[in-house]
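Student: Give me the fold of what follows.
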Amino acid sequence: MPRFQTVLMISASLVAPSALLAQPEGKVGQYSDVTITGAILEPTPRKAASDDELLAGLTLAEGATATVFARDLVNPRILAVSADGTLYATRRSVGDVIMLRDGDSDGVADAPVTVASRPGMHGIAFDGNRVYLATVNDVYVADVAEDGTFGDLQRIINDLPDGGQHPNRTLAMGPDGKLYISAGSTCNACAETNPESATMLRAEPDGTSRAIFASGLRNTIGFDWEPESGQLWGMDHGIDWLGDEEQIEELNQIQQGKRYGWPFVYGMDEFNPQDNPPPGTTLETWAEMSEEPARGYTPHAAPMQMVFYDGAMFPEWRGDALVAMRGSWNRRPPSGYELIRIDFQDGKPVGFEPVVTGFLAEGTDGWTYSGRPVGVAVGKDGAIFLSDDSEGVIYRIASHSAPQDRPPAGGPVPNALTPPPPAPLAIEALKAEPGLTVSAPFQPDGAIDLEHAADGDNASPALSWEGAPEGTQSFVVLSEDPDAKEPKPFVHWLAYDIPAGVTALREGLPTEASLPDPEGVKQGANSMGSTGYTGPKPPVQDGAHHYHFQVFALDVPSLALPPAADRAAVLAAMQGHVLAAGEIVGTFDRN
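Tutor: Residues are numbered from 1 along each chain as shown. Okay, the predicted model is just below:
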């Protein structure tokens, strides 16, 4: 598995890299006996009576200056700039979106205008003259009028996972023209019951065909595409209660189909002593299945919105990422409370630099803060907007040099997310000889019951087969939909290393990567992005899709693959080992 060469780098005021690499000791095999020393330290708010007082304690990167663009906004969180340069902010506690224009060009926003309202409003992203908005469970789209107001909200998704500990959804339109939605975990560290929790989701612009793009991401609020390569990067929140110096905040290159460790593995393949993986899966196996972060930042700093800088005002930052760090509560001394820049060179991160610090201070009365940064956006002129959701302020960070002295910004982000070409069904690709007779709860070419569909119970159907030839040592089950638009075929179920003595699988199998019963059975990744079975859910307008439940008899007892292998790996391992195959085809129509 490819790994990035990692060097943990932090700003000068933070802890040493050796401390970041420390691991709670005591994890032995599957069980823990660990003593962890941590802290709860919540700095006291430091109120400011004037703009000058707000700005007085801030330290900015060389060449930058800050002004107060707007204040008394209660709770501004995620920021976005529309095509015409208008700034918008979501307010989670208020439950709305406000528009902030500077009509007289005096560097201060006019009175805010509410343009949308829904409880828990948080994520916002523009795609031309359309705006996408996210609450805990819902995604809306609306047209943007010439005056900047929004038209009627159309709900295109109404079933995102429940929020729990991390309800703050963010979203963005990718360079591939698809909608990306970050769904955080419901807990600090636990085995989620909804496979879409702790993931990056991807859907069509109309909300259909939603799938898990990447998993094992505890809470990646901030993400964006690196402009040179078009690759997706995000900052993930580390686990609490592992100690003051654990877990690093992770910078990940987020790739389709990959998992990123949470909840059982964190940082550089370190084992979480709080939780054990499912039966049949070891921590070592989970680490091998997961990607390490490209870099790590100071634990508990709480990364929030992230954006790659593409403006003209700071040309030396072009192609670098800006991340707002809201700040810790579970660390002594506190961390975060700042805006940082991730230096990217040749499409890869090489270090972190502070852009705005000074919100956090230690005095005779202990630790205090004057702001908790959350949102960051780049204005049309290249200035940077930074929101503080605790004091209700939005700052504007500009350059000492005039904008006209700066070269123009670069071109559009390339599309590095080309979908795979259509492929034949597995039974065709492997040129498998017939021989097995497969039975299911539905008749051949008959309708699949709702209990086996995604809109129903999402339970795997009972399958049985007979006719295995002499020499069979294991079976593989693979369910595919060749009528899907992308990927083609769409994998709904992948199970392998099924012992030769097992010729039936019961209804409603768990979706874990390794099954305790039948013992030894591994389940692979489906095209939804989870493991195990995921039921039919064709677009309503498509009518009936066909689902091929294929069973293969192999002459080897094991494919020698780890759990959660994908279709390509399984088919490659099966080459030359298929003795016979069979299938039963069912249909499902959401109408």
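Student: going forward, measure contacts between C-alpha atoms and count neighbours the same way
Tutor: OK.
Student: what's the spacing between stretch 71-85 and its chain's center?
Tutor: The chain centre lies 23 Å from the centre of stretch 71-85; the measure is C-alpha atoms, centre = their mean, to the nearest Å.
Student: which stretches of the stretch 351-500 of the chain form strands?
Tutor: With DSSP state E, counting those that start in this stretch, the ranges of strands along the stretch 351-500 of the chain come out as 360-363, 366-369, 373-378, 384-388, 393-399, 437-439, 446-447, 463-466, 474-481, 490-499.
Student: Now do the SS call for Pro333.
Tutor: coil (DSSP: H, G, I helix; E, B strand; the rest coil).
Student: Repeat that for His546.
Tutor: Per three-state DSSP, His546 ends up strand.
Student: Centre-most residue in this structure?
Tutor: By C-alpha atoms, centre = their mean, the chain has its centre lying nearest to Met200, at 2.8 Å.
Student: Got the phi and psi for Asp52?
Tutor: Note on Asp52: its backbone torsions stand at phi -60, psi -40 [degrees, to the nearest 10].
Student: and the gap between it and Thr67?
Tutor: 9 Å (C-alpha to C-alpha, to the nearest Å).
Student: Between the two, which is the more surrounded one?
Tutor: A count of neighbours by other C-alpha atoms under 10 Å puts Thr67 above the other of Asp52 and Thr67, at 17 against 11.
Student: What's opposite that one in the beta bridge?
Tutor: Arg396 (DSSP bridges).
Student: gap between it and Leu100?
Tutor: Thr67 is 15 Å from Leu100, where distance means C-alpha to C-alpha.
Student: repeat for Arg92
Tutor: Counting by C-alpha to C-alpha, the gap from Arg92 to Leu100 is 16 Å.
Student: how does the chain divide into domains?
Tutor: Domain assignment for the chain by automatic domain parsing gives 61-405, 426-588.
Student: Please render those as CSV that adds mean pLDDT and distance to Thr44 to the earlier fields.
Tutor: Listed next are the domains of the chain as CSV, based on pLDDT from 0 to 100; distance: least, C-alpha to C-alpha, whole Å:
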stretch, mean pLDDT, distance to Thr44
domain 61-405, 95, 5
domain 426-588, 96, 42
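Student: I'd like these as JSON lines, with distance to Ile36 appended.
Tutor: Shown next, in JSON lines, are those (distance: least, C-alpha to C-alpha, whole Å):
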{"stretch": "domain 61-405", "distance to Ile36": "6"}
{"stretch": "domain 426-588", "distance to Ile36": "29"}
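Student: related to what we said a few turns ago, let me know which of the strands of the stretch 351-500 of the chain is tucked in deepest.
Tutor: Ranked by average neighbour count under the criterion mean count of other C-alpha atoms under 10 Å, the strands of the stretch 351-500 of the chain are headed by strand 373-378 at a mean of 28.
Student: Output that strand in CSV with nothing but the alpha carbons.
Tutor: Output of strand 373-378 as CSV, limited to C-alpha atoms (Å, rounded to 0.1, in the frame of the first residue of the first chain):
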residue,chain,number,x,y,z
PRO,A,373,-11.9,30.8,13.9
VAL,A,374,-14.2,28.6,11.9
GLY,A,375,-14.8,29.8,8.3
VAL,A,376,-12.3,30.8,5.7
ALA,A,377,-13.0,32.0,2.2
VAL,A,378,-11.2,33.9,-0.6
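Student: Tell me how far it lies from the chain's centre.
Tutor: Mean-position distance between strand 373-378 and its chain equals 18 Å (C-alpha atoms, centre = their mean).
Student: between that strand and strand 393-399, how big is the angle?
Tutor: Strand 373-378 runs at 40 degrees relative to strand 393-399, counting by axes from the mean of the first three to the mean of the last three C-alpha atoms, to 10 degrees.
Student: Which strands border strand 373-378, and is each parallel or antiparallel?
Tutor: Note on strand 373-378: by DSSP bridges, its sheet partners are strand 384-388 (antiparallel).
Student: now what about the strand it pairs with, what contacts it?
Tutor: 75-79, 324, 371-379, 393-398 (C-alpha atoms under 8 Å, 6 or more residues apart in numbering).
Student: now swap in stretch 432-444 and tell me
Tutor: When contacts are defined by C-alpha under 8 Å, 6+ apart, stretch 432-444 is touched by residues 448-449, 461-469, 550-552, 578-586.
Student: Report pLDDT for Gly14.
Tutor: Residue 14: Leu, not Gly. At Leu14, the predicted lDDT confidence score is 35.
Student: Quick one: buried ones out of the contacts of stretch 432-444?
Tutor: When burial is judged by neighbour count using 16 or more other C-alpha atoms under 10 Å, the buried members of the contacts of stretch 432-444 are 448, 461-465, 468, 550-552, 578-586.
Student: I'd like to know how many residues surround Gln165.
Tutor: 12.
Student: cool, and Ser460?
Tutor: Neighbours around Ser460, by other C-alpha under 10 Å: 22.
Student: now stretch 555-568, how far from the chain's geometric center?
Tutor: Centroid separation between stretch 555-568 and its chain, computed with C-alpha atoms, centre = their mean, is 26 Å.
Student: Pretty sure Glu245 sits against Gly296.
Tutor: No - the pair formed by Glu245 and Gly296 falls short of the contact definition of C-alpha atoms under 8 Å, at 11.6 Å.
Student: So for these two, which residue has more residues nearby?
Tutor: A side-by-side neighbour count of Glu245 and Gly296, using other C-alpha under 10 Å, places Gly296 first with 28 against 25.
Student: Which strand or helix spans that one?
Tutor: strand 295-297 (DSSP states H and E).
Student: which helices and strands does that strand pack with?
Tutor: In terms of contacts (3 or more C-alpha pairs under 8 Å, 6 or more residues apart in numbering; DSSP states H and E), strand 295-297 is packed against strand 249-253.
Student: next SSE after the strand it packs on?
Tutor: strand 265-266.
Student: Give me the sheet partners of that following strand and which way each runs.
Tutor: Applying DSSP bridges, one finds strand 265-266 paired with strand 270-271 (antiparallel).
Student: ok, the residue of the chain positioned farthest from its centre - contacts?
Tutor: Largest separation from the mean C-alpha position in the chain: Glu470, at 46.3 Å (C-alpha atoms, centre = their mean). Glu470 makes no contacts at all, as judged by C-alpha under 8 Å, 6+ apart.
Student: circling back to that earlier point, Ala39 is nearest to which of the domains of the chain?
Tutor: When these are compared by C-alpha to C-alpha, domain 61-405 sits nearest Ala39, at 5.2 Å.
Student: chain center to that closest one, what's the gap?
Tutor: Distance, centroid of domain 61-405 to centroid of chain: 11 Å (C-alpha atoms, centre = their mean).
Student: And for stretch 478-489?
Tutor: Stretch 478-489 sits 24 Å away from the centroid of its parent chain (C-alpha atoms, centre = their mean).
Student: start to end distance for that stretch?
Tutor: End-to-end distance for stretch 478-489: 11 Å, by C-alpha to C-alpha.
Student: Stretch 444-458 too?
Tutor: 20 Å.
Student: now stretch 328-339
Tutor: 14 Å.
Student: in it, what's buried?
Tutor: Across stretch 328-339, burial judged by 16+ other C-alpha under 10 Å covers Ser328, Trp329, Asn330, Arg331, Arg332, Pro333, Pro334, Ser335, Gly336, Tyr337, Glu338, Leu339.
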